[in-house]
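K.L.:
From the sequence below, what's the structure:
(2 chains)
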Amino acid sequence: MRDPIATLRNRWSDSDARTDGGSATESERSLLSRDSVRSAPFWLPPFLLVGLFVYGAVVWNFLLSLTDFSGIGEPDYTDLDVENYLVAFADPIDGLLSTVGMGGEVNGATPAWSDLTVEPVWNSLGNTIALMVGFSAVCLALGLLLAILVDRGIRFENTFRTIYLLPMSLSFVVTAKFWLYMYNPNTGLINVALGVVGIGPVQIVQNPDLKLAAVAFALIWQFSGYAMIVYLAALRGIPSSHFEAARVDGASTVKMYWRVIIPQLRTATVSALVVITVFALKAFDFLFSMYGGYQPGPSADILATRMVREAYANQNWAYGSTIAVILFVMALCIVAPYVYSQYRRGDL
Amino acid sequence: MSTSEGGAGLKRTALYVVLVGMAGFYLLPILTGLFTSITSPASYTGQAPFLPPLSPLLPETGSFSLQSWGNAFDGLARGLANSFILVIPATILSGLFGSMAAYGLTNVDWRGQVGIYALFVAGIFIPYQAVLVPLTQFWYNVVPLQSLFAPFAALPLVQEYHWKLVALIVTHTAYGIPICTLLFRAHYKKLSTEMIEAARLDGASVSTIYRRIVLPLSVPMFAVVFIYQFTQIWNDLLFALTIVQFGDASVVTQELVGIGVSQSGTNFPLRMAAALLAALPTLVVYVLFGDKFAEGVTT
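P.N.:
Residues are numbered from 1 along each chain as shown, chains lettered A, B, ... in the order given. Now for the predicted structure:
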């Protein structure tokens, strides 16, 4: 349909078809192609940008994960294999992290499987899943609770809503600085509060047992307001007759929410969950700021930090790409069913 | 939704106690940071950091001083400038492209638009990590942007290192398009089809309809999208870290990471002042346009 004359003719035939109701299948087909062509100046440039920088880069990243690219220089695309994935998912030895390693020498040859020196991803994968599950569950529960409270016809509703959502407007980097202060063992408010209950000052940020929980707690502080807003919008969408019907039946408030209202919040839960889990996958910025660099330590290391460290601190580019593919697949597993269900419901 | 009168008073009070308590939970870290940042570093003890520093009136709180804010500004000035150079064009470009894409995929009917749109939606959720190494390769080894940009450095106010910010602007624009498209599309679906149909029957072209009808009706949505994108891009660290890397072109989030730490320990007043200063543009936007921000994140 590049031919301008053909386009023009389609245009004519289309306007004819439109005036008489447009029943002929032939002119209908030309109408379809015509509209896609005529609207192309609008959707094509953004589509090309997204196609190149998002999807093109994802494919390129997958290719890189098959190479042995490390150190400085150019990646070599002639010798592709899945070695990096074997390293990533190698068995941990004796319950410890196995160091299966990679790429000591880069003298043009493929580093052999045996003299690689990189850890598999099990540790950071486990942390990622723990963070995702713990953080999302608490975030949603707290958000739902807040939404129900805010929905009780309160005064100053706007003020409360604004305050609850405020942390979401902050950068991960800023949040990390605030919580580093809150957690510090000498004067941090968390330790002051613990001191009141009689628990001595606790090292939180550098404590392997508490690190991940501390990170999750700060992220809950930042994003539970978001869950609240999503649930509140959904609660407002439920007809008030449902609330009243439950009350006429004599149901208590708790029972009413549990039996009648919460089951209707499924869509809101799913969309909030998708967004929040993906935020957890991206918590790199927070950890980088909290620990002042690429090394959050093994007990708080998630795939997001591991990937950037391997690529940009250790220059194991190909291995970094491999971890990135794992992250991408995890995100895809969460998002694809969501997008598909949206499509099925006709919401796209 | 008010509960029945008898015994409701107590319930109501409990409700407000919980609501105010939660407001305290969300505000406390920020307020603590604010009060610490305006404490003079010399008098800072760390006792009761949640109280304003009014030393004679409130014992042990230290004395008031804006010294840390001054120091924070000196430390972050370049980063703040770079952030503004990055954020303003990237926000406008991604918003415009998003609006165009949403129009091309919504108000003009053709098969296949849902498929393309699905790709856009999925693009919102792709973790940045999945593209970092290719993007670094692209901007440093494939596109000779540095040498292409060199002639522009002769222009006033343009520095040679700004080429890195150009790379970052393009990257953020591309990554912002999916979410902007989603926001605009939700809006465009609600536009009256009759008006567009009428204009079409009058012989208005696709681009005339966009300029004359759709664009003027999108103004409120542009506010939502710009606020959302401004916050997102301003707050980002990862793309800046990997594409700009540390140096002259560092943005404010990068500069903030290392501030306030030295051999002698952590300078909390300086660090809190820096954190608040880095957050100030987004906080101002949020306080002024909170409802628009809420609309952006929930659509």
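
K.L.:
what's the burial count for A:Arg266?
P.N.:
By the criterion of other CB atoms under 10 Å in any protein chain shown, A:Arg266 has 10 neighbours. Where C-beta positions appear, they are placed from N, C-alpha and C, glycine not excepted.

K.L.:
what's the answer for the one 3 residues further on, then?
P.N.:
Taking other CB under 10 Å as the neighbour definition, A:Thr269 ends up with a count of 17.

K.L.:
Just confirm it is within a strand.
P.N.:
No. Read with DSSP: H, G, I helix; E, B strand; the rest coil, A:Thr269 is helix and lies in no strand.

K.L.:
Break down the stretch 51-200 of chain B into its helices, ranges please.
P.N.:
Ranges of helices within the stretch 51-200 of chain B are B:67-106, B:113-124, B:132-137, B:145-149, B:162-188, B:193-201, based on DSSP state H, counting those that start in this stretch.

K.L.:
what's the most buried one of these?
P.N.:
For these, ranked by mean neighbour count under the definition mean count of other CB atoms under 10 Å in any protein chain shown, the leader is helix B:162-188 at a mean of 24.

K.L.:
Let me know the average pLDDT across that one.
P.N.:
The predicted model assigns helix B:162-188 a mean pLDDT of 91.

K.L.:
what does stretch A:208-224 give?
P.N.:
91.

K.L.:
quick check, distance from it to the centre of its chain.
P.N.:
Here stretch A:208-224 is found 16 Å from its chain centre; the criterion is CA atoms, centre = their mean, to the nearest Å.

K.L.:
what stretches of the stretch 151-299 of chain B score poorly on pLDDT?
P.N.:
Low-confidence segments of the stretch 151-299 of chain B, defined by pLDDT under 70, are located at B:262-265, B:299.

K.L.:
thinking again about what came up before, could I get the helices of the stretch 51-200 of chain B as a markdown table with distance to chain A?
P.N.:
Shown next, in a markdown table, are those (distance: least, CB to the nearest CB, whole Å):
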| stretch | distance to chain A |
| --- | --- |
| helix B:67-106 | 3 |
| helix B:113-124 | 5 |
| helix B:132-137 | 4 |
| helix B:145-149 | 14 |
| helix B:162-188 | 4 |
| helix B:193-201 | 7 |
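
K.L.:
ok, the nearest residue to B:Phe125 once chain neighbours are set aside to B:Ala130 distance?
P.N.:
Excluding the flanking residues, the one nearest B:Phe125 by CB to CB, 6 or more residues apart in numbering or on different chains is A:Val335, at 4.3 Å. Between A:Val335 and B:Ala130 the computed distance is 12 Å (CB to CB, to the nearest Å).

K.L.:
Compare those two (neighbour count), which wins?
P.N.:
In this view A:Val335 and B:Ala130 are compared by other CB under 10 Å, and B:Ala130 has more residues nearby, 24 against 20.

K.L.:
what about residue 49, how many residues close to it?
P.N.:
All of this is about chain A. 21.

K.L.:
ah, I was thinking of chain B
P.N.:
For B:Pro49, the count of nearby residues is 26 (other CB under 10 Å).

K.L.:
how about low-confidence regions in chain A?
P.N.:
For chain A (pLDDT under 70), the answer is A:1-35, A:92-117.

K.L.:
Quick test: name the residue nearest the centre of chain A.
P.N.:
For chain A, the residue sitting closest to the mean C-alpha position, by CA atoms, centre = their mean, is A:Val278 at 1.3 Å.

K.L.:
Distance check, B:Gln89 against B:Ala153.
P.N.:
Just to correct that, residue B:89 is Pro rather than Gln. Between B:Pro89 and B:Ala153 the distance is 17 Å, computed by CB to CB.

K.L.:
so who does residue 167 touch?
P.N.:
As the question left the chain open, I've gone with chain A. Counting by CB atoms under 8 Å, 6 or more residues apart in numbering or on different chains, A:Pro167 makes contact with A:Thr175, A:Trp221, A:Gln222, A:Phe223, A:Gly225, B:Tyr26, B:Pro29, B:Ile30.

K.L.:
Chain B, not that one
P.N.:
When contacts are counted by CB under 8 Å, 6+ apart, B:Ala167 touches B:Trp139, B:Leu145, B:Ile243, B:Val244.

K.L.:
coming back round to it: which residues do A:Val335 and B:Ala130 both contact?
P.N.:
By CB under 8 Å, 6+ apart, no residue touches both A:Val335 and B:Ala130.

K.L.:
Can you tell me the SS state at A:Ile154?
P.N.:
Judged by three-state DSSP, the three-state class of A:Ile154 is coil.

K.L.:
Could you find the closest non-adjacent residue to the residue nearest the centre of chain B?
P.N.:
Compute the mean C-alpha point of chain B, and by CA atoms, centre = their mean the closest residue is B:Thr231, 1.1 Å away. Distance criterion CB to CB, 6+ apart; nearest residue to B:Thr231, sequence neighbours excluded, is B:Thr282 at 4.9 Å.

K.L.:
Number of residues surrounding the one you found?
P.N.:
22.

K.L.:
before we move on, back to that, show the contacting residues for the residue nearest to the centre of chain A.
P.N.:
Residues in contact with A:Val278 (CB under 8 Å, 6+ apart) are A:Ala331, A:Ile334, A:Val335, B:Phe125, B:Pro127.

K.L.:
From those residues, list just the buried residues.
P.N.:
The neighbour-count test (16 or more other CB atoms under 10 Å in any protein chain shown) applied to the contacts of A:Val278 identifies A:Ala331, A:Ile334, A:Val335, B:Phe125, B:Pro127 as buried.

K.L.:
So which of these is the closest to B:Phe222?
P.N.:
Among those, B:Phe125 lies closest to B:Phe222 (CB to CB), at 23.4 Å.

K.L.:
can you list the domains in the chain?
P.N.:
If you meant another chain, say so; for now it's chain A. Domain segmentation of chain A under automatic domain parsing yields A:1-17+A:26-37, A:39-119, A:122-344.

K.L.:
The intended chain is chain B.
P.N.:
B:1-65, B:68-298.

K.L.:
and the longest one, how far out from the chain's middle?
P.N.:
Centre-to-centre, domain B:68-298 and its host chain are 8 Å apart (CA atoms, centre = their mean).

K.L.:
got the contact list for the closest residue to B:Tyr188 other than its chain neighbours?
P.N.:
In this structure, B:Tyr188 finds its nearest non-sequential neighbour in B:Thr106, 4.4 Å apart by CB to CB, 6+ apart. Counting by CB under 8 Å, 6+ apart, B:Thr106 makes contact with B:Gln113, B:Arg185, B:Tyr188, B:Lys189.

K.L.:
Leaving out the residues flanking it, which one is nearest to the residue in the stretch 101-250 of chain A positioned nearest to chain B?
P.N.:
Using CB to the nearest CB, the single residue of the stretch 101-250 of chain A nearest to chain B is A:Thr187, 3.1 Å away. Excluding the flanking residues, the one nearest A:Thr187 by CB to CB, 6+ apart is B:Gly46, at 3.1 Å.

K.L.:
Looking at the buried ones among the contacts of A:Val278, spot the one nearest A:Glu119.
P.N.:
Distances from A:Glu119 to the buried ones among the contacts of A:Val278, taken by CB to CB, are shortest for B:Pro127, at 20.5 Å.

K.L.:
what separates the closest one from chain A, distance-wise?
P.N.:
Noted for B:Pro127: a distance of 5 Å to chain A, by CB to the nearest CB, to the nearest Å.
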